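Asks: any chance you could fold what I've pasted below:
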Amino acid sequence: MLVFTMAGCGQGSEGQTDPGESGVQLEPHTIAVLVYDRSDDEVQAFRNYLQDYLGSIFNVKFIYSESVLTEDAALEFIDEACEYGAEGVMSFVSYDLKSEVSECEKKGIYYMLASGTVSDEDFDKVKESEAFLGVVGPGKDTEYEAGADMAAHFIKDDGTKAFFIFSGGGCMGNEMHLKRTEGILDKIQQEYGVTFSMSSEEAAVSSEPVELSAGDVSVCVCPGYFSIEEYLESAIETYKDHPYGTVLSVLPVNKLLDTIKGGRLGLIDCYSETNLQLFTDGTLEYVSGKYSSIVGPSFAAMYNAITGYRDELRMDGEPFRITQGFWNSDSEKDYNDKYVLASSIEINAYNYEDLQKVMKVFNEDTTIEELKALAEACSYEDALNRRF
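Replies: Model prediction:
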């Protein structure tokens, strides 16, 4: 259920001096990381940044889950991580937020959604918990707009009227995938002036493939995580039956590249080496996504909590809700330009000095408002300004 990662040769020591000029002795800490698929490019990008870069600098070791695909597995991981000394959970997937936060509260550790989207209803269920720090991520409006913008790109480009849509975990409670799929479907109907017989939300949460048409516009919505064999097999067979030339996906499709070969592809994913290769060989023509160091401010928030500054993380007496957007690329050149800041350890969008400014251990005067401002300054232009 978990992978115990010691990040950096100095881990486990009584104290480690930070690399800046403050000379602060850093006590060792342990953070658990909950993910839905360890083979996912975005998960790996975040892991490289947290483990290989921040872990060694801040004397933190990370306990990574294996692929967690059910609520029971999530709770089991939290319990096992606590046995290995985890002080908090940075979660990148949630199946039942209330249950996960409650489990952390029982164990006396913290929980946060480190890069995700949660519904208002689910947030309200846990906002009174002492264990719940908050949410950092795009938020439902940004997720929705990402889907709508991707659909608009392909509609504007050649007026295509047949779309195959991979809706990911919308059927399994993944709010991010749900809103992205809704945005795609609403934009298609809006641009062509048609109305499907099923609402966008109903299609996005369906656990079975859905075929819809109105006038001369057709869509096929195919659900599921491809790490689950039954969903992968369904996706392959459904596409063979509906080989539409434009494929829009709210999650990576690495396991389906042979199946959809020859189609035009748009993804809401991340700035990964895989997507760089897909842009280079002409397979991919549009991507909207996160980048590895975008989770830096989330790490800073968790670090503040586990070093004794949890109370300073409240916003108007409640857990924080911090919004971060996506980067977009519709050409190989634009992707290449952004990929440098998205993937480099030497020159990245959020470096350790940026984070130290919003960590109480290094800057006792910093506030949650300053952490929020740093997190929300996540655009490509913001990153350029910080580095250059």
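
Asks: tell me where the stretch 101-250 of the chain is predicted with low confidence.
Replies: Where the stretch 101-250 of the chain drops to pLDDT under 70, the residues are 157-159.

Asks: need phi/psi at the most centrally placed residue in the chain.
Replies: Geometric centre of the chain, nearest residue: S115, 4.5 Å, by C-alpha atoms, centre = their mean. Here is the backbone geometry of S115 (degrees, to the nearest 10): phi -160, psi 80.

Asks: what of T30?
Replies: Per degrees, to the nearest 10, the backbone of T30 is at phi -130, psi 130.

Asks: name the residue most distant from the centre of the protein?
Replies: G215 (35.8 Å).

Asks: from memory that residue sits against Y192, does it?
Replies: Yes: the criterion here is C-beta atoms under 8 Å, and G215 meets it with Y192 at 7.0 Å. Backbone N, C-alpha and C define where each C-beta goes, glycine included.

Asks: contact partners for the nearest residue to H153 once chain neighbours are set aside?
Replies: Counting by C-beta to C-beta, 6 or more residues apart in numbering, H153 lies nearest to Y286, which is 5.1 Å off, once chain neighbours are set aside. By C-beta atoms under 8 Å, 6 or more residues apart in numbering, Y286 lies in contact with M150, H153, F154, L265, G266, L267, N328, S329, D330.

Asks: show me these that map onto strands.
Replies: L265, G266, L267, N328, S329 (DSSP state E).

Asks: could you tell me how many residues sit around the third one?
Replies: What that stands for is L267. 22 (other C-beta atoms under 10 Å).

Asks: same thing with D72?
Replies: The local packing count at D72 equals 12, with neighbours defined by other C-beta under 10 Å.

Asks: confidence score at it?
Replies: pLDDT recorded at D72 is 96.

Asks: the residue nearest to the centre of the chain and D354, how far apart?
Replies: From S115 over to D354 the distance is 17 Å, taken as C-beta to C-beta, to the nearest Å.

Asks: ditto for S292
Replies: Between S292 and D354 the computed distance is 14 Å (C-beta to C-beta).

Asks: one more: N363?
Replies: 11 Å.

Asks: tell me which of the two has more neighbours.
Replies: Just comparing N363 and D354: by other C-beta under 10 Å the higher neighbour count belongs to D354, 19 against 13.

Asks: what's the helix or strand for that one?
Replies: helix 352-356 (DSSP states H and E).

Asks: which residues in the stretch 1-150 of the chain form strands?
Replies: 2-5, 16-17, 25-26, 29-34, 60-65, 88-91, 110-113, 132-137 (DSSP state E, counting those that start in this stretch).

Asks: distance from the last one to the middle of the chain?
Replies: The gap between the average C-alpha position of strand 132-137 and the chain average comes to 13 Å, counting by C-alpha atoms, centre = their mean, to the nearest Å.

Asks: could you spell out the sheet neighbours of it, each with its direction?
Replies: strand 110-113 (parallel), strand 320-323 (parallel) (DSSP bridges).

Asks: most tightly packed of those strands?
Replies: Among the strands paired with strand 132-137, strand 110-113 has the highest mean neighbour count (mean count of other C-beta atoms under 10 Å), at a mean of 28.

Asks: hmm, who's touching that strand?
Replies: Counting by C-beta under 8 Å, 6+ apart, 87-92, 94, 97, 100-101, 104, 131-137, 298, 301-302, 305-306, 310 sit against strand 110-113.

Asks: change it to 7 Å
Replies: Strand 110-113 has contacts (C-beta atoms under 7 Å, 6 or more residues apart in numbering) with 87-91, 94, 100-101, 104, 131-137, 298, 301-302, 305-306, 310.

Asks: swap in stretch 246-257?
Replies: Under C-beta under 7 Å, 6+ apart, the answer for stretch 246-257 is 40-41, 147, 150-151, 154, 160, 162-168, 177, 180-181, 184, 226, 232, 235-236, 260, 263-269, 274, 283.

Asks: also stretch 179-192?
Replies: So stretch 179-192 is in contact with 117, 140, 143-148, 150-152, 155, 161, 163, 165, 167, 170, 195-196, 200-201, 203-204, 217, 219, 221, 248, 250, 268, going by C-beta under 7 Å, 6+ apart.

Asks: list buried residues within the residues you listed.
Replies: Among the contacts of stretch 179-192, those scoring as buried are 117, 140, 143-148, 150-152, 155, 161, 163, 165, 167, 170, 196, 200, 203-204, 217, 219, 221, 248, 250, 268 (criterion: 16 or more other C-beta atoms under 10 Å).

Asks: from those residues, which ones fall inside helices?
Replies: 140, 143-148, 150-152, 155, 200, 203-204 (DSSP state H).

Asks: can you count the residues close to the closest residue to H242 other than its chain neighbours?
Replies: Using C-beta to C-beta, 6+ apart and skipping the chain neighbours, the partner closest in space to H242 is C220 (4.2 Å). By other C-beta under 10 Å, the residues close to C220 number 22.
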